[in-house]
Structure formats: C-alpha cells, structure tokens
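Undergrad: from the sequence below, what's the structure:
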Amino acid sequence: MMKVCVQGLWHLGSVTAASLASVGHDVVGLDADQKTIDGLNQGKAPLFEPGLDDLLQVGITKGRLRFATDIANAAADAEVLWITFDTPVDDDDRADVEFVLNQIKNVLPVLADGTVVLVSSQMPVGSIRKLEAFVCENLPNKQLSFACSPENLRLGKALDVFLKPDRIVVGVRTDDARRKLEQLLLPVTDRIEWMSVASAEMTKHAINAFLATSVTFANEIAAICELVGADAKEVERGLKTEMRIGPKAYLSPGGPFAGGTLARDIEFLGIESRAKQLVTPLLSSVRASNDEHKNWVRRKLLERFPELKGVQVAIWGLTYKPGTDTLRRSLAVELCDWLIEQGAAVHVYDPVVRELPERWSGRVISHARALDAVVGTDALVLGTEWPEFRQAAEELLSVANSNLVVIDANRHLQAAVASLGLKYVAVGTPLASGN
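TA: Okay, here's the model as predicted:
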C-alpha cells in the first residue's frame with residue numbers, strides 16, 4: 001500500500017482516486033473547490049460516470065479514501081502526487097495550461113523529499129520540464145522526481161479503462177521513480193510501457209492525433225461514397241480486412257469527433273510545430289476537415305427540407321456521449337442551437353438530462369419518453385447513442401408520420417429501423433427508404 005495524493009478532482013481525478021483506493025492504496029483527493037470535496041466525501045462524484053459513486057462509497061467506508069481542500073493535510077506525507085486536472089479548454093480548443101501548472105506549483109513546497117510527481121493532466125510536451133525548472137529555481141533543496149503517465153480514460157467507460165488497461169504508458173527520469181511507480185501500478189497491471197518523460201508526453205499527442213486523423217479520413221471517404229453510390233460501411237470492411245490495416249483500425253464512418261480531447265492534442269502539436277517553423281500539412285488539415293463534417297446533419301436536413309422554418313425535428317440524446325450527463329461540447333446541443341436559429345420546432349429527449357440550457361427556455365420542448373418526442377415530427381436525428389434508443393426505434397411506426405426521415409450518423413438505429421420502411425440516412429449512404 002502506498003500513500004497517494006490525487007490533485008484535481010473532476011472526471012479524471014475522481015476516477016483515479018476511487019480506483020487507486022479500490023486496489024488497496026491510501027488515497028487523499030485534493031481540490032480547491034469545497035463543493036466538489038463535500039460531494040466526494042459523501043460518495044458523490046462531480047459528474048455522472050457508471051459505477052463511480054459506488055466505488056467512492058466503498059473506498060470511503062473502508063477508510064482508504066478521503067478528500068480535502070487543505071494542501072498540507074492532503075499532500076505532506078504523500079509518496080506520490082498524481083496530477084489529474086481536466087485541463088480547461090476554450091471554444092477554440094486552446095488549453096489553459098498555466099492554470100494546471102500553477103495549481104501544481106502551489107503543492108510542491110509541502111511535499112516530502114523523495115515524492116514522485118506523476119502528471120496525467122493533458123498538457124503539451126515540455127510541461128514537465130517547466131515544472132522541474134520551477135523547482136530548481138524556487139525550491140533548490142527539494143528532492144522531487146517528475147514523471148508522466150498520459151490519461152487514457154473515456155467518458156462512460158472510465159473505471160473499466162483504468163482498472164483493466166491495455167497497458168499503461170509511463171515516462172520517468174530516474175530508476176527510483178520507476179520503482180515507486182511500479183509499486184503503485186502493479187495492483188492494476190504489469191503491462192507498463194516505460195520510456196522517457198518527453199516520449200510519454202508525446203505519446204498522448206500522437207495517439208489522439210492518429211485517432212483524429214483516422215476519423216476525418218473515414219468521414220471524407222464516406223462523403224465521397226455518398227456521391228458515387230457506394231456504402232462506406234462496406235468500404236470500411238474492405239479496409240479492415242486488409243492485413244496492413246487490421247480489424248481494430250479507427251475507420252468507422254460516422255459523426256465528427258466532439259469534445260476537447262482529440263482537438264486539444266491537434267492544437268498542441270500545431271503550436272509546437274509552428275513555434276519551431278515546422279510545416280505539418282496533414283495534421284494542420286485535420287481540424288478543418290472535422291469542422292466541415294460537423295455540418296453533415298445540417299446538410300442532410302437541408303437536402304430534405306430546403307426551408308426549415310416550421311419543420312418539426314426530434315432529437316434523441318443531448319449529452320456529449322452515452323454514459324455521461326455532460327452537455328459541454330455536445331454536437332447535439334450545437335445542432336439544436338442551429339435548428340432554433342433556422343426557425344425549426346425542436347423536440348428533445350435524453351434519459352439523463354434533467355435541465356435544458358437556459359437559452360432554450362420556451363424554444364425547445366422536452367419530453368419524458370423517446371417516442372413522445374417523435375409524435376408529429378418530420379425528422380428524427382440521433383444525437384447521442386444511448387442503448388435504449390434501439391428499442392424505441394423498433395416502435396417508431398406507432399407514432400411516426402409516414403414521411404418521417406431518420407438521420408443517424410453512426411448507424412446506431414439501422415438494424416432497428418431497417419424493416420420499417422422509413423426514410424433512413426447515415427454517413428456514407430445516400431438518402432433512401434429502409435436500408
């Protein structure tokens with residue numbers, strides 16, 4: 001068992017703290033927000049993540065987990081300070097890195113000599129070097145080690161990803177830091193990829209940039225498929241059965257990537273390359289391609305309804321992704337905003353959203369059931385792929401107009417509506433009845 005302080009308690013931090021306590025470590029969560037701390041000490045996570053509240057309760061009950069705002073109380077005797085801030089980003093995907101760095105700097109003076117500072121917050125390559133320079137200049141007698149383990153969580157599946165990882169990437173400077181972190185992580189997995197700190201920082205950027213590039217590639221191919229009569233899902237199958245590509249390649253046609261994670265790393269790499277006068281045509285095009293694909297649903301609606309004023313549109317699902325209750329960065333929310341601007345009548349249903357954005361007051365109708373939202377509408381757009389929508393889709397004929405068009409970017413509902421005779425469109429297929 002090790003004494004660990006987890007600093008920064010939103011999604012990444014609350015999952016990390018609860019998971020570490022569940023494998024036997026003595027964990028104190030640290031955050032400056034008293035409301036967040038009060039909730040966590042009652043076993044309530046600051047956002048919805050399946051199973052997280054239960055895991056918090058178990059850790060608290062067993063005496064392995066507590067939360068505090070006082071820095072000395074939380075961190076003075078920690079063997080590892082694990083940095084888990086969800087790095088804030090603005091609407092242009094620019095990260096507020098200084099916020100995270102300043103929060104870390106506030107804690108460093110109270111740490112005991114020999115403490116390992118393990119950074120998992122999403123920050124640009126070179127950030128740990130800045131922290132080491134700060135210690136050398138301001139705390140010259142403090143003996144600290146810095147390491148990097150890029151976060152790898154996914155909303156809705158975070159506990160499974162943390163406790164059953166493919167592997168854990170860790171960048172270290174010293175053998176002593178490696179030994180301590182090995183002791184910390186072995187209760188989770190022995191599949192640890194050890195490397196230098198800069199390589200670990202860069203690995204996170206490279207993974208997200210690769211995934212972002214794959215998404216935009218697949219969607220551009222799908223857009224061409226729509227024009228030439230090909231089915232992008234069949235093309236996907238052709239790609240993934242090619243041995244040089246493989247079945248797990250990130251090549252499914254569908255919606256654009258949303259949220260700040262992939263875009264943030266594309267932005268980090270762009271800043272770093274521009275600072276060094278390096279031209280990166282491929283990486284520089286990813287965001288532009290993805291932003292264009294965000295208009296796909298809008299294009300499909302306008303193909304069907306050139307004038308949207310007065311058109312009745314149902315949206316199933318508003319959250320950023322299934323398994324979470326956050327609306328920030330949700331493409332479904334952006335679509336609703338656009339539909340309101342176009343004068344459409346918007347009906348929404350989401351199984352976990354209880355309060356709609358205040359700006360929608362009197363302009364969007366919320367329904368208690370998925371099928372209720374479809375009654376009398378001209379189009380149904382799948383915004384978030386909640387599993388319950390498949391069952392609801394099987395019953396669409398009981399409420400739908402005969403001319404209802406179903407717009408489902410990722411084909412989540414395809415099997416359910418295939419035999420209903422409704423007009424159905426997905427990324428990579430032309431507008432057609434049924435399939």
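Undergrad: confirm residue 406 sits in a strand?
TA: Yes. According to DSSP: H, G, I helix; E, B strand; the rest coil, residue 406 belongs to a strand.
Undergrad: that one: how many residues sit nearby?
TA: 24 (other C-beta atoms under 10 Å). For every residue, glycine as well, the C-beta is placed using N, CA and C.
Undergrad: check contacts around it.
TA: Residue 406 makes contact with 379-380, 382, 393, 396, 413, 417, 422-425 under the criterion C-beta atoms under 8 Å, 6 or more residues apart in numbering.
Undergrad: could you rerun that using 6 Å?
TA: 380, 417, 422, 424 (C-beta atoms under 6 Å, 6 or more residues apart in numbering).
Undergrad: what do you get for residue 187?
TA: 23-24.
Undergrad: could you do residue 60 as well?
TA: Contacts here follow C-beta under 6 Å, 6+ apart; on that basis residue 60 touches residue 43.
Undergrad: so what are the domain limits for the chain?
TA: 3-195, 204-293, 296-433 (automatic domain parsing).
Undergrad: rebuild those domains as JSON lines, extending it with mean pLDDT.
TA: Below are these laid out as JSON lines (pLDDT from 0 to 100):
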{"stretch": "domain 3-195", "mean pLDDT": "95"}
{"stretch": "domain 204-293", "mean pLDDT": "93"}
{"stretch": "domain 296-433", "mean pLDDT": "94"}
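Undergrad: re earlier: of the contacts of residue 406 - the most surrounded one?
TA: residue 380 (27 neighbours).
Undergrad: report the secondary structure state of that residue.
TA: Relying on three-state DSSP, one would call residue 380 strand.
Undergrad: let me know whether it touches residue 312 as I believe.
TA: No. In terms of C-beta atoms under 6 Å, residue 380 does not count as a neighbour of residue 312; the distance is 10.0 Å.
Undergrad: distance from stretch 352-360 to the middle of the chain?
TA: On the basis of C-alpha atoms, centre = their mean, to the nearest Å, stretch 352-360 sits 20 Å off its chain's mean C-alpha point.
Undergrad: what comes into contact with that stretch?
TA: If you take C-beta under 6 Å, 6+ apart as the criterion, stretch 352-360 is touched by 318, 325, 366.
Undergrad: what's the closest of the residues you listed to residue 74?
TA: The closest of the contacts of stretch 352-360 to residue 74 turns out to be residue 325 (C-beta to C-beta; 27.3 Å).
Undergrad: can I take it that the closest one is in a helix?
TA: No. Going by three-state DSSP, the assignment for residue 325 is coil, not a helix.
Undergrad: distance of it from residue 365?
TA: With the distance defined as C-beta to C-beta, to the nearest Å, residue 325 ends up 20 Å from residue 365.
Undergrad: quick check: closest non-adjacent residue to residue 153.
TA: Distance criterion C-beta to C-beta, 6 or more residues apart in numbering; nearest residue to residue 153, sequence neighbours excluded, is residue 161 at 5.4 Å.
Undergrad: and the one you found, that's in a helix?
TA: Yes. Counting by three-state DSSP, residue 161 is found in a helix.
Undergrad: which ones are touching residue 12?
TA: 84, 86, 151, 153.
Undergrad: which residue, other than its chain neighbours, is closest to it?
TA: Of all residues not flanking residue 12 in the chain, residue 84 sits nearest, at 4.4 Å (C-beta to C-beta, 6+ apart).
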